[in-house]
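Colleague: No sequence on hand, only this structure:
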């Protein structure tokens, strides 16, 4: 309704998060991609930097995971990263860097670049006191180093478990405990 009626005031960062959880996390890929395109069109010329960036992040996520248009992903992500660095928008920059880290890790196989992006994102989330986001990044970092540096992976995941437990995110806590269990089994 908000998209169809162009009700930009109905959108908030929380609504973007809710759309992500309701659709992307549950596998409604085509619907998420369609909404991402429409939201991007709606906010592409918005003066509200937060809504502009959230729309772009939603679209970037869908490009990364639901298409193979990596040229488009890289073009938009690089431009957005530069804009966010100029604006000194820490949390939004951290979200952009997380997407960059996923691209480097899963689609380019460049673990060093992924780790660099994740570490910077982690520091930004930590500085803005966002325990959920920083726990998620610690999970990403643990996944990168699990075969080469299992002790470091364990350290990241134990720290993330503590954060997930502190904020009562049972889903993330369960994922992290499974990762730790798999790590122990592999050793």
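Modeller: Thanks, I have the structure now. Predicted, not measured: the structure shown is a model, and the values here were computed from it.

Colleague: List the buried residues for the worst-scoring helix or strand of the chain on mean pLDDT?
Modeller: Lowest mean confidence among the helices and strands of the chain (mean pLDDT, DSSP states H and E): helix 13-19, at a mean of 85. Neighbour-count burial for helix 13-19 flags 16, 19 (criterion: 16 or more other CB atoms under 10 Å). In short, each C-beta sits where N, CA and C put it, glycine included.

Colleague: can you check stretch 45-59 too?
Modeller: Across stretch 45-59, burial judged by 16+ other CB under 10 Å covers 50, 51, 52, 53, 54, 55, 56, 57, 58, 59.

Colleague: Narrow those to those in helices?
Modeller: Counting by DSSP state H, the members of these that fall within helices are 50, 51, 52, 53, 54, 55, 56, 57, 58, 59.

Colleague: Using TSV, lay out the residues you listed together with pLDDT and distance to residue 119.
Modeller: Putting those into TSV (pLDDT from 0 to 100; distance: CB to CB, whole Å) gives the following:
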residue	pLDDT	distance to residue 119
50	89	24
51	89	28
52	91	26
53	92	21
54	91	23
55	93	26
56	94	23
57	94	19
58	93	24
59	95	25
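
Colleague: for the residues you listed, which one is nearest residue 154?
Modeller: Residue 154 has its nearest neighbour among these in residue 57, at 30.3 Å by CB to CB.

Colleague: Might you report the residue contacts of that closest one?
Modeller: Applying CB atoms under 8 Å, 6 or more residues apart in numbering to residue 57 gives the contacts 16, 80, 92, 95, 96, 99.
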